[in-house]
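Peer 1: Compute the structure for the input listed below.
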Amino acid sequence: MLISIIGEYLSQFVYSPNHSMAFQTRMFFTLFTLLFGIHLLVYKYPTIRALLILVFSLFFYYKAGDYPVVIMITSMALINYGIGLWINTYHQDNQRRNITIIGVVINLCVLGYFKYTNFFIQTYYNLFSPHTSTDKIPFIKHVVETVGLSFYTFKALSYLFDIKRRIIEPCKNFFDFYLYLVFFGNVLMGPIDKASQFIPQIRQPYILTMEQASKAFYLIMVGFFKKVFIADYIHANFIGRLFDQPNLYTGFENLMVLYAFGIQIYCDFSGYVDMATGFSMLLGFNLTANFNSPFLAQNMTEFWRRWHISLSTWFNDYVFMPLTISLRNWGVWASVLGVIVVFFLSGIWHNPSWNFVLWGLSHGVVIAFETATRRQRKKWAKSLPTVLYNSMSWLLTFHFIIFTYILFNCKELDKIGTMLNRIAFHFNWEAIPKIWANSYNVFLLMILGYLLHFTPRVYKEFVIERYIYAPGVIKVLIAVILIVVVYQIQQAESIPFIYTDY
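Peer 2: Okay, here's the model as predicted:
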């Protein structure tokens, strides 16, 4: 009996496609506790500390994608490290630019092959052989499961760009760069930290005050609550089935699922970032902020300054600004073109499918419109009462975001039309009381999620401060209550984070 229990426990350390080591799993909490305990014993030795976290990060990667993904990312780390040193051997800008281009081509070829090859094959057959059945299309079956490929590619590229621009010097220690590239806290879903922000922290003296530890535990608990209690429950009990067959549901349910997905993706993604930030803080690393109440935005430009901030910053620094500077003679049209290019790339970066391309372009077109009409909109704002103008702006922005989530979720274009048709012509007002009675728990969680999101920052900071300075027994009691409540409703199988599917 004991041997079988031990064997079952040890089997969890072996890669399995159905048992990753995501933040919300018991296995991760167990192993991180072990890591943190060892870390407290060796933190005075920076090299040992860095190697310990690197080994844990590689095991995290192994659990997500098996040995081949570890081998591939190690190879890419060696290549990018070498190119960074190569760039720095030259002083002339054109030489540094040419070597950087080589690095960009290598990284984008790897990203393109693993993430986009089948998309291009599918597109080719759709255009030139539309009647070919899917099972006869020669899709490439990749040997390597490229977990987190988009994120570590962007981190590698920012490293090369910043060396080329002389913003940073290349790492003297390969393992420091390797840790930056594969750090478990942000490799699957971001935030996309720049090397200049992350790498210096590896060798800084480790200091963890009681206030910092309390804030880290608070973030972990809040992220866990948002992910498991709100996002996973709403997905399992409402969202999943409705997006699969929207024609079977009323227009009211089709509309509600859009509001539901809005709060689900926010709680899922920001919950991940909260946990990643908390776990990283306990190990002495401060990650880039990635969210700032995005659904409070009054226009789409502001939304992307509040949502996935590190991705928006990356595209701004390395795509938008260089492109608009090179086309500065075009005036405002340089910015318009830059926005369209950025959001086309953003859409296809999220997922290689045409619904994501349309999703990205829809955001890009609206932001381009905002860019081109900035002066006119200022005049409109002056001609209307401030409260009215701001309320209308927020309402339009929020519902544009919500309705474009149809593109985010529906790969089949006919489903998009079905959902819109059901909302417009089959709303079924008389069925609302019955629908509410059948799914009131889901709707109450949606309301809770949005209330937490729209809570003013000053109140959130007040709660954090009260938790930080609360007696230890109160902190433990809160944690126990949260764990008990969350595990009461947790699904039988852990639901993956949304962005790890894309």
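
Peer 1: distance of the nearest residue to Pro46 once chain neighbours are set aside from Ile53?
Peer 2: Excluding its sequence neighbours, the residue lying closest to Pro46 (CB to CB, 6 or more residues apart in numbering) is Arg203, at 5.3 Å. Using the backbone N, CA and C atoms, a C-beta is placed for each residue, glycine as well. Using CB to CB, to the nearest Å, Arg203 is found at 13 Å from Ile53.

Peer 1: the more surrounded of the two?
Peer 2: A direct count of neighbours by other CB atoms under 10 Å for Arg203 and Ile53 places Ile53 higher, at 22 against 12.

Peer 1: before we move on, the earlier item: the residue nearest to Pro46 touches Asp176, doesn't it?
Peer 2: Yes - using CB atoms under 8 Å, Arg203 is in contact with Asp176, at 7.4 Å.

Peer 1: Identify the contacts common to those two.
Peer 2: Common contacts of Arg203 and Asp176, defined by CB atoms under 8 Å, 6 or more residues apart in numbering, comprise Ala50.

Peer 1: Which helix or strand lies directly C-terminal to the longest helix anywhere in the chain?
Peer 2: The longest helix of the chain (DSSP state H) is helix 46-88. Sequence order places helix 93-128 as the next helix or strand after helix 46-88, per DSSP states H and E.

Peer 1: Taking helix 46-88 as reference, get the angle to that next one.
Peer 2: 90 degrees (axes from the mean of the first three to the mean of the last three CA atoms, to 10 degrees).

Peer 1: what packs against helix 93-128?
Peer 2: Using 3 or more CB pairs under 8 Å, 6 or more residues apart in numbering; DSSP states H and E, the elements in contact with helix 93-128 are helix 46-88, helix 149-164.

Peer 1: what angle separates the last one from helix 93-128?
Peer 2: So that's helix 149-164. Using the same axes, to 10 degrees: helix 149-164 against helix 93-128 is 160 degrees.

Peer 1: now helix 149-164, how far from the centre of its chain.
Peer 2: Distance of helix 149-164 from the chain centroid (CA atoms, centre = their mean, to the nearest Å) equals 17 Å.

Peer 1: Who are the packing partners of it?
Peer 2: Looks like helix 149-164 contacts helix 46-88, helix 93-128, helix 174-182, helix 195-202, helix 309-315 (3+ CB pairs under 8 Å, 6+ apart).

Peer 1: Let's have these in a markdown table, adding distance to Asn421 and mean pLDDT.
Peer 2: A markdown table is the format used below for the helices and strands packed on helix 149-164 (distance: least, CB to CB, whole Å; pLDDT from 0 to 100):
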| stretch | distance to Asn421 | mean pLDDT |
| --- | --- | --- |
| helix 46-88 | 39 | 89 |
| helix 93-128 | 24 | 90 |
| helix 174-182 | 46 | 94 |
| helix 195-202 | 47 | 93 |
| helix 309-315 | 33 | 95 |
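
Peer 1: Output those in JSON lines, with distance to Thr209 appended to each entry.
Peer 2: Formatted as JSON lines, these follow (distance: least, CB to CB, whole Å):
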{"stretch": "helix 46-88", "distance to Thr209": "18"}
{"stretch": "helix 93-128", "distance to Thr209": "39"}
{"stretch": "helix 174-182", "distance to Thr209": "23"}
{"stretch": "helix 195-202", "distance to Thr209": "16"}
{"stretch": "helix 309-315", "distance to Thr209": "26"}
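
Peer 1: still on that earlier bit, dihedrals phi and psi, the residue nearest to Pro46?
Peer 2: Backbone geometry at Arg203, expressed as degrees, to the nearest 10, gives phi -100, psi 0.

Peer 1: Contacts for stretch 236-243 next, please.
Peer 2: By CB under 8 Å, 6+ apart, stretch 236-243 touches 249, 253-254, 256-257, 260-261, 264, 409-410, 415, 439, 441-442, 491, 495.

Peer 1: quick one: which of the helices and strands packed on helix 149-164 is nearest Leu283?
Peer 2: Of all these, it is helix 46-88 that lies closest to Leu283, at 6.2 Å by CB to CB.

Peer 1: what's the angle from the closest one to helix 174-182?
Peer 2: Using the same axes, to 10 degrees: helix 46-88 against helix 174-182 is 90 degrees.

Peer 1: Which secondary structure elements does helix 46-88 sit against?
Peer 2: Using 3+ CB pairs under 8 Å, 6+ apart, helix 46-88 sits against helix 26-42, helix 93-128, helix 149-164, helix 174-182.

Peer 1: follow-up on the earlier one: would you point to the one among the helices and strands packed on helix 93-128 that's packed deepest?
Peer 2: Across the helices and strands packed on helix 93-128, averaging neighbours per residue (mean count of other CB atoms under 10 Å) puts helix 149-164 on top, at a mean of 23.
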